[in-house]
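# I'll drop the sequence and a predicted model, then ask my questions.
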Amino acid sequence: MAMLTSVALRSVVVGLVAVLLALGTSRTGAAAGPVAAPGYDLTTFATGGRSFNPDSVTSGGGHIFVGYQNATPPDGSAGTSTIVQYGMDGKVTRTWTVAGKNDGLRLDPFTGKLWATRNEDANPALTIIDPKTGNKTDYSFPAPTPHGGGYDDIAFTRQGTFIVASNPTTAGAHVPAVQRVTGLAGGVVGLEPILYDDSTAIDRSSGKTTNLALSDPDSLWITSGGNLALTAQADRQVIFIKHPGSQSQRNEVVSVKAAGAAEELDDSAAVKSRQGFLLVVDHDTNTIYKLTKDGGFHSGQTYSEAPKGSPVGGVVGTLDTRTGNLSPVVTGFINPTGLLFVATGEPSGDDQGDSGDGGDQNNQQGGND
């Protein structure tokens, strides 16, 4: 009898150890992946297959588009990228191959066409894709570029199409940071500068005029108030550009911080309606996540992501556009590089296309940015 009790006890102990190990493994696995704050729900929207290194994400016409860079060098010296079209259910419906490294990817809400910039560091080029027909057309940029680098993100507004002059090799020499597209005649992208690396701006924290010193122009986005915004990643700043390209253009700058320390940002997205979801691209895990909020989002709120290598890298959080403070709501991403808010029932474009008077055609509301 004592022998049976000992064996039984040993079996119970072994069983408990197995359960504890399983629980520990489960918790470790959860901690190793992204974790959302209470009130938010994070699920997988899609994962890459033969294509990998997803970067930018945009939407329109009931589809989601993601640019996969496939480990292609940023100067376009080798390799190709893949533009993948998904249904709202995360299933692949179409793909396109473009030469070089795709970095900027936006759908023009006025034409319904996709703009994909290539090679953000040097030898830049542009591919415009018609999702309806599948046709794609390649364009070149004037060479050499005035800033010595390539071109990155794109934004569409009623004031024009704007593009980031990325990777400046002549920073501090009064070179363009943001340019407006003036035409595509002869297969060449015409450009005019609307913001320089040393333009003046109003510092939102002090109210004083300051000269910018931009070394890393990176992402463009449209604020909840319908204005153009530039994220200068390594500079840890966001520049808000009201009435871009006009005589009344006004630049304002805010320094980004998290937990009281200076912080870098990659993409940002303004919430356009209470109902919808955020898509977060994790470049290094080949995954696109879907983030929802219990009770709906707050219209007018801005979300931003801190990339790999930054002080609090691997997070998505709310951004206070007046103070520059980033408050994490999801932690544990490896390298978040793309961010998009998709309003439920959203008919045409993503967060692009402002009216220039405090709102946009996609009914962005809230804020005065």
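Done, it's in. Owing to the predicted nature of the structure, the values given are computational and were not obtained by experimental measurement.

# C-alpha from now on. contacts and neighbour counts both.
Will do.

# show me what the helix or strand where residue 316 lies is packed up against.
Using DSSP states H and E, residue 316 sits in strand 315-319. The contact analysis (3 or more CA pairs under 8 Å, 6 or more residues apart in numbering; DSSP states H and E) places strand 315-319 against strand 302-306, strand 326-331.

# in CSV: these, plus mean neighbour count, mean pLDDT and distance to residue 80.
As requested, the helices and strands packed on strand 315-319 are exported to CSV (neighbours: other CA atoms under 10 Å; pLDDT from 0 to 100; distance: least, CA to CA, whole Å):
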stretch, mean neighbour count, mean pLDDT, distance to residue 80
strand 302-306, 26, 99, 26
strand 326-331, 21, 98, 31
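
# please produce JSON lines containing the ones you listed, extended by distance to residue 48.
Below are the helices and strands packed on strand 315-319 laid out as JSON lines (distance: least, CA to CA, whole Å):
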{"stretch": "strand 302-306", "distance to residue 48": "20"}
{"stretch": "strand 326-331", "distance to residue 48": "21"}
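
# identify the bridge partners of the nearest residue to residue 180 once chain neighbours are set aside.
Spatial nearest neighbour of residue 180, chain neighbours left out: residue 162 (4.4 Å); criterion: CA to CA, 6 or more residues apart in numbering. Residues in a beta bridge with residue 162, per DSSP bridges, are residue 155, residue 180.

# residue 162 and residue 303, how far apart?
Going from residue 162 to residue 303 by CA to CA, to the nearest Å gives 21 Å.

# beta partners of residue 102?
Going by DSSP bridges, residue 102 forms beta bridges with residue 118.

# quick check, it in contact with residue 115.
No. The pair residue 102 / residue 115 is not scored as a contact, 10.1 Å apart, by CA atoms under 8 Å.

# who has more neighbours out of those two?
residue 102 (34 against 21; other CA atoms under 10 Å).

# which residues touch that one?
67-69, 81-82, 116-120 (CA atoms under 8 Å, 6 or more residues apart in numbering).

# mind putting the residues you listed in CSV, distance to residue 219, pLDDT and neighbour count included?
Formatted as CSV, the contacts of residue 102 follow (distance: CA to CA, whole Å; pLDDT from 0 to 100; neighbours: other CA atoms under 10 Å):
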residue, distance to residue 219, pLDDT, neighbour count
67, 15, 99, 31
68, 17, 99, 27
69, 17, 98, 26
81, 19, 99, 25
82, 20, 99, 23
116, 14, 99, 25
117, 12, 98, 28
118, 14, 98, 31
119, 15, 97, 26
120, 11, 96, 27
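
# in those residues, find the pair that's most separated.
82 and 120 (15.8 Å; CA to CA).

# quick check: closest non-adjacent residue to residue 105.
In space, residue 105 is closest to residue 116, 4.6 Å off (CA to CA, 6+ apart).

# in which helix or strand does the one you found reside?
With secondary structure defined by DSSP H and E, residue 116 is part of strand 114-118.

# list the neighbouring strands of the helix or strand just after that strand plus their orientation.
Sequence-wise, the next helix or strand downstream of strand 114-118 (DSSP H and E) is strand 125-129. Using DSSP bridges, strand 125-129 pairs in its sheet with strand 114-118 (antiparallel), strand 136-140 (antiparallel).

# and those strands as CSV, adding distance to residue 266?
Formatted as CSV, the strands paired with strand 125-129 follow (distance: least, CA to CA, whole Å):
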stretch, distance to residue 266
strand 114-118, 17
strand 136-140, 26
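
# nearest to residue 58, of those?
strand 114-118 (8.9 Å).

# need the residues that contact that closest one.
So strand 114-118 is contacted by 76, 99-108, 124-131, 151-154 (CA under 8 Å, 6+ apart).

# please apply the same query to stretch 251-267.
Here stretch 251-267 has contacts from 200-205, 218-221, 231-242, 304-307, 310-312, 321-327, 336-339, using CA under 8 Å, 6+ apart.

# let me see the mean pLDDT of it.
Average pLDDT, stretch 251-267: 97.

# okay, buried residues for it please.
By 16 or more other CA atoms under 10 Å, the buried positions in stretch 251-267 come out as 251-258, 262-267.

# nearest to residue 187, of these?
residue 267 (28.9 Å).

# distance of that closest one from residue 74?
18 Å.

# now the nearest residue to residue 209 once chain neighbours are set aside: which helix or strand?
Spatial nearest neighbour of residue 209, excluding adjacent residues (CA to CA, 6+ apart): residue 202 at 4.5 Å. Element membership of residue 202 [criterion: DSSP H and E] is strand 200-203.
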